[in-house]
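J.: below is the sequence, then the predicted model.
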Amino acid sequence: MSELLNIDDLHLEFHTYDGVVKVLAGVNLQMRRGDVLGLVGETGCGKSMTALSVPRLIPMPPGRITAGRVTFNGEDILSKRESEMEAFRARHVGMIFQDPVTNLNPLFTIREQLVDAVLYQQAQGKRVPGRWRGFTPSVRQLRKEAHERAVELMRLTGIPDGDKRIYDYPHQFSGGMRQRVLIAMALAGDPDLLIADEPTTALDVTIQAQILRLIRSLVAQLGLTVLLITHNLGVVARSCERVAVMYAGRVVEESPVRELFRNPKHPYTRGLIAAVPQKDVHRGGLEGIPGIIPNLINPPAGCRFNPRCEHVMGICRESVPPAIEVGAGHHAACFLYAEDA
Amino acid sequence: MNHLLDVRDLAKYFPVRGGLLNRKTADFRAVDGVSFALQEGKTLGLVGESGSGKTTIGKCVLRLMEPSAGQILYDGGDITHLKQRDLRRLRSEIQMIYQAPAASLNGRMTVGQIIGEPLWIHESLKGDAARARVLELMNVVGLKDEHYYRYPHEFSGGQQQRIGIARALAVQPRLIVLDEPTSALDVSVQAQILNLLQDLQDQFDLTYLFISHDLGVVRYMCDEVALLYLGKIVEVAATEVIFESPKHPYTQALISAIPEPDPDLQREEIIIRGDLSHSFPQRGCPFAPRCHAEKLATCETVPPPLLEVKSAHQVACHLHPPMPRLEPA
């Protein structure tokens, strides 16, 4: 299948009063159409920043992309003008976020917000015909069609009685239902790529299972490509085909999901998996990773995991490990697997 | 058996106000007749989704909230109606560790002051004696001496939680209520904190009331688990029993929804419909509208009592008849 997204050696910095934070330091990520890729990592590892660089939603300044390329469908994104970006976002990328409460306006009904989303995405960055122009027959027709599309989207995302509930306000929906509304909104423009940034973190575990099942069924029904950002390895194991593990601004391991859990290669990935309380781990058997994530103003030289790594070698402190193929479609950025090491 | 904490029919209602004069129109039953007992040195997990009343129970046990009904026995004595003066003594026996480490630490106090304050309040300890104790406590939870004069914002989430733990330990409590102590932390740090809590339990012979929504963490930490749904306990048993042979349909659904980091795991995924709603019909089983199991006529009409289906395994479900009582010979 054709390549949809290619992030190549992306470097991103943030300028702050304390210094320059090197948030991303050479991220490489490829996605093909129909992929469901999980991007895993702990707080501050740059997983959200990597995803936000695709629709170019990183605030600049203070952010600055210092090197690298992002290509989507063969188009270079970083060189686009802002006006072109609006059309691009409307047509190609849908996003859902962790907190469904803050992403819905409490003062408007779901109908107003969903219809706006549909119209905006149809207009592809041009002006949306507003309600104040709704008297002309053509605009009235447009809004009517958008309303029908909105109800259809609500049905697609599993909201019961969508034709009635569309007139409700966000506070009348539960957390899980709000997340479904946001998914409906993200799907309004038939996006090629759905970026889901911690979509189930704020939800209870039974609701989380519902939302993950919905995302899986949308992938099957619509052939959606999904970039799922999460810190929860269990969520990845359940819903993704491929996983990329990030640590301190770099992808340290990338692999098909089964391979990653059966045969993790990078010491960080191993530590991460061992830190999850699993079925057969009993009292005292859980292992954390010693130390804390590095300060990205002064990140350690070489491999950024080296201060916490138990296999650290001399070379780890000097140069950045390249992604080394350790299996079929399985890459680890670690000198342990370099042939001449 | 010696029960350090014995909670009987605990209830906490919040008034729902409305109407023209803002009069009380109804009761919101956050906790509705909960009973459990906790043995000294053990860990009991209180598990439930948001809104199930688990934090409210924790606060009632500490008397940070006044229970509406029921009884709380601590070490054999009734603490449900203790006066403020006696409560202070109780505070050195029962401590709490909170979910958001940053919000539970005073940002204008140094680490030394934060951990030293309970020593001053409860033991009138100050000066060098207090400082020595604080440093000792910091050492126990894995903080370094040079952290003494730092402020909470200079620490990562995991280290802030260590400060909170040291503060709770300062008064040498016997029972600690842990309210989601690791849900704000990353997994690698969560593992560190969970291990620290286990070590401290062994070292100081602590008893934990562990409140969490994360069944994986509960399985790792607890000896016994009580599952809550809408302010009622639906199932209680030893941890292995709960995870090996859950009886209540809600427990079964929750356990099947744990995201296990194992892509090969084959299991039947029970996805329950809808979500937690307090507007359930007052009659009948609170879980009935979402239940996936076979429905009996009584589910909609009679609230199921919490009954012993096996020894030390209680379930509140009409599908599981109680264990036949042995008649005394």
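T.: On my side now, so go ahead.
J.: alpha carbons only for contacts and neighbour counts from here, please
T.: Fine.
J.: so, low pLDDT: which residues of the stretch 101-250 of chain A?
T.: For the stretch 101-250 of chain A, the stretches with pLDDT under 70 are A:124-135.
J.: for it, give the residue positioned nearest to chain B.
T.: Proximity of the stretch 101-250 of chain A to chain B (CA to the nearest CA) peaks at residue A:234, 4.0 Å away.
J.: residue contacts, that residue?
T.: Shown in contact with residue A:234 (CA atoms under 8 Å, 6 or more residues apart in numbering or on different chains): B:258-262.
J.: then residue B:92?
T.: Counting by CA under 8 Å, 6+ apart, residue B:92 touches B:122, B:171-173.
J.: and stretch A:271-290, how far from the chain's centre?
T.: Averaging C-alpha positions (CA atoms, centre = their mean, to the nearest Å) puts stretch A:271-290 26 Å from its chain's average.
J.: revised request: answer the last question for stretch A:308-321.
T.: Here stretch A:308-321 is found 29 Å from its chain centre; the criterion is CA atoms, centre = their mean.
J.: with stretch B:50-70 instead?
T.: Relative to its chain's centre, stretch B:50-70 lies at 10 Å (CA atoms, centre = their mean).
J.: before we move on, what about stretch B:267-275?
T.: From the chain centre to the centre of stretch B:267-275 is a distance of 24 Å (CA atoms, centre = their mean).
J.: just give the nearest non-adjacent residue to residue 283, would you?
T.: No chain was given, so I picked chain A. Closest residue to residue A:283 in three dimensions, ignoring its sequence neighbours and counting by CA to CA, 6 or more residues apart in numbering or on different chains: residue B:220, at 6.0 Å.
J.: wait, I meant chain B there
T.: Nearest non-adjacent residue to residue B:283 (CA to CA, 6+ apart): residue B:301, at 5.3 Å.
J.: the one you found: neighbour count?
T.: 14 (other CA atoms under 10 Å in any protein chain shown).
J.: that one: what's it in contact with?
T.: Applying CA under 8 Å, 6+ apart, the residues near residue B:301 are B:283-285.
J.: now, which of these sits nearest chain A?
T.: Closest approach between the contacts of residue B:301 and chain A, by CA to the nearest CA: residue B:285, at 18.6 Å.
J.: sticking with the closest residue to the closest one other than its chain neighbours, tell me its helix or strand.
T.: Leaving aside its sequence neighbours, residue B:285 sits nearest to residue B:303 (CA to CA, 6+ apart; 4.6 Å). Assigned by DSSP states H and E, residue B:303 belongs to no helix or strand.
J.: if we can go back for a sec, if we check chain A, which of the contacts of residue A:234 are in contact?
T.: Contacts with chain A are made by B:258-262 out of these, judged by CA under 8 Å from any CA of the partner chain.
J.: would you double-check that residue B:32 falls in a strand?
T.: Yes: assigned with DSSP: H, G, I helix; E, B strand; the rest coil, residue B:32 falls within a strand.
J.: just to revisit the earlier point, and the residue nearest to residue A:283, what does it touch?
T.: By CA under 8 Å, 6+ apart, the neighbours of residue B:220 are A:277-278, A:281-283.
J.: looks to me like it is in a helix.
T.: Yes: under three-state DSSP, residue B:220 falls within a helix.
J.: next one: stretch A:180-192 to chain centre, how far?
T.: Mean C-alpha position of stretch A:180-192 versus that of the full chain (CA atoms, centre = their mean) differs by 14 Å.
J.: any buried residues in that stretch, and which?
T.: Of all the residues in stretch A:180-192, those buried under the rule 16 or more other CA atoms under 10 Å in any protein chain shown are A:180-192.
J.: before we move on, what about stretch B:139-151?
T.: For stretch B:139-151, the neighbour count (16+ other CA under 10 Å) marks B:140-141, B:143, B:147-148, B:151 as buried.
J.: list just the nearest of the residues you listed to residue B:96.
T.: residue B:141 (15.6 Å; CA to CA).
J.: ok, now how distant is the residue nearest the centre of chain B from chain A?
T.: Nearest to the mean C-alpha position of chain B, by CA atoms, centre = their mean, lies residue B:211 at 2.6 Å. Using CA to the nearest CA, to the nearest Å, we find residue B:211 at a distance of 14 Å from chain A.
J.: ok, that residue - contacts?
T.: Taking CA under 8 Å, 6+ apart, one finds B:45-47, B:54-55, B:58, B:177-180 in contact with residue B:211.
J.: and for residue B:154?
T.: No contacts exist for residue B:154 under CA under 8 Å, 6+ apart.
J.: tell me the residues of chain A that contact chain B?
T.: Applying CA under 8 Å from any CA, one finds that chain A approaches chain B through A:42-43, A:174, A:176, A:204-207, A:209-210, A:231, A:233-238, A:257-258, A:261, A:271-273, A:275-279, A:281-284, A:286-290, A:292.
J.: ChimeraX command for the buried members of those residues?
T.: With 16+ other CA under 10 Å as the burial test, the buried ones among the residues of chain A next to chain B are selected in ChimeraX as follows:
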select /A:42,43,174,176,204,205,206,207,209,210,231,233,234,235,236,237,238,257,258,261,271,272,273,275,276,277,278,286,287,288,289
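J.: show me the residues of chain A next to chain B that map onto helices.
T.: Within the residues of chain A next to chain B, residues falling in helices by DSSP state H are A:176, A:205-207, A:209-210, A:233-238, A:257-258, A:261, A:271-273.
J.: ok so, going back, make CSV out of the ones next to chain A among the contacts of residue A:234 and add pLDDT, secondary structure and neighbour count.
T.: Output for the ones next to chain A among the contacts of residue A:234, formatted as CSV (pLDDT from 0 to 100; DSSP: H, G, I helix; E, B strand; the rest coil; neighbours: other CA atoms under 10 Å in any protein chain shown):
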residue, pLDDT, secondary structure, neighbour count
B:258, 84, coil, 18
B:259, 83, coil, 23
B:260, 82, coil, 22
B:261, 81, coil, 21
B:262, 81, coil, 20
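J.: where does residue B:8 land in three-state SS?
T.: Following three-state DSSP, residue B:8 is assigned to strand.
J.: and for it, the neighbour number?
T.: Neighbour tally, residue B:8, other CA under 10 Å: 16.
J.: same question for the one 5 residues further on.
T.: If you count neighbours by other CA under 10 Å, residue B:13 ends up with 17.
J.: check contacts around residue A:260.
T.: With contact set as CA under 8 Å, 6+ apart, residue A:260 has these partners: A:243, A:254, A:330.
J.: what are the buried residues along the longest helix along chain A?
T.: In chain A, taking DSSP H as the definition, the longest helix is helix A:137-156. Using 16+ other CA under 10 Å as the burial criterion, the residues of helix A:137-156 that qualify are A:139-140, A:143, A:146-147, A:149-156.
J.: same question for stretch B:60-80.
T.: B:60-63, B:66-74, B:79-80.
J.: which stretches of the stretch 151-300 of chain B have low pLDDT?
T.: Filtered on pLDDT under 70, the stretch 151-300 of chain B yields the residue ranges B:266, B:276-282.
J.: at 50 what do you get?
T.: Applying pLDDT under 50 to the stretch 151-300 of chain B picks out no residues at all.
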